[in-house]
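coordinates for the following, if possible.
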Amino acid sequence: LDLMVRLMDNVKYTTYPANLVMKNDGFFHIIYDGDKWIAKEASFISEQGSLDFFGTVFQTESVALSIIESQNLVDIQGSFYRRAADGTIITLTVSTDKDTSKPILERLSFALKSDNPDDRTISNILARLRYNASTDELSATQQGSLLQDEALNLISDNLNSSLVSPFLYPLENTIRRLLKLDDFSIHAGFIQNLFT
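Coordinates of the predicted model:
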């Protein structure tokens, strides 16, 4: 089965952690090989939607995605923002390294920036996102908790994706097919609970 899907009005791309409203004139060229769907080519732009980044929801400023399977090319360029309670705007940029020898998840790059001059480090930005304060205003307990929680999230997400997800994907697909659902996913949090 070979499908070319042209994107028109009111089309969303929703898969955790993204929920994007796609602009007109994008497309997906997908093929079903009898076992799985393969994206041969795709191109779309979004200027609306959201992205969940470690439990913090950012609003979409702009996202562009291009896929050319024959050249092993996947390019994602995105900019997202979140306004903290004190009015500080924090920007998350997502980009893709051009080195196609690495898997796509290793090629993704994330960067956080803040328009508040007091936010000089990533820790300052994370403190503003989580506690609505700079790291200087946090107690020693809150500072330790902030760094520990971020480290645990990174470790547990990496372990979930490398150890748990390969076993959950077939189960998710089987349940989705049996129940004829468009989407079904299982999010296992026991790795983080184990570390905590």
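
who's in contact with stretch 58-76?
For stretch 58-76, the surrounding residues in contact (CB atoms under 8 Å, 6 or more residues apart in numbering) are 18, 20, 38-52, 77-82, 90-92, 94-96, 100, 104, 107-108. The C-beta positions use only the backbone N, C-alpha and C, and glycine is treated the same way.

with stretch 99-118 instead?
53, 71-74, 76, 86, 88-97, 122, 124-126, 128, 134, 136, 161.

so in the protein, which strand runs the longest?
strand 37-53 (DSSP state E).

any idea how far Phe110 is from Thr96?
Relative to Thr96, Phe110 is positioned 11 Å away (CB to CB, to the nearest Å).

and Ile31, what are its bridge partners?
Asp2, Ile38 (DSSP bridges).

now do stretch 95-114: distance from first to last residue.
Across its full length, stretch 95-114 reaches 18 Å between end residues, using CA to CA, to the nearest Å.

pLDDT of that stretch, averaged?
Mean pLDDT, stretch 95-114: 81.

please state the offset of it from the chain centre?
In terms of CA atoms, centre = their mean, to the nearest Å, the centre of stretch 95-114 is set 12 Å apart from its chain centre.

one more: stretch 56-76?
10 Å.

and if you look at stretch 40-58?
7 Å.

adjacent strands (with direction) for the helix or strand just after the longest strand of the chain?
Proceeding N to C from strand 37-53, the next assigned helix or strand is strand 56-68, under DSSP states H and E. Using DSSP bridges, strand 56-68 pairs in its sheet with strand 37-53 (antiparallel), strand 73-83 (antiparallel).

Phe110 and Thr96: who's more crowded?
Comparing Phe110 with Thr96 by other CB atoms under 10 Å, the one with more neighbours is Thr96, at 18 against 12.

which parts of this structure are strands?
2-6, 11-15, 18-22, 27-32, 37-53, 56-68, 73-83, 89-96, 108-114.

may I see those organised as CSV, with distance to Leu181 added?
As requested, the strands of the chain are exported to CSV (distance: least, CB to CB, whole Å):
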stretch, distance to Leu181
strand 2-6, 20
strand 11-15, 14
strand 18-22, 18
strand 27-32, 17
strand 37-53, 15
strand 56-68, 24
strand 73-83, 26
strand 89-96, 28
strand 108-114, 28
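
any idea which of those is most buried?
Among the strands of the chain, strand 18-22 has the highest mean neighbour count (mean count of other CB atoms under 10 Å), at a mean of 19.

run me through the strand neighbours of that strand, direction for each.
strand 11-15 (antiparallel), strand 37-53 (antiparallel).
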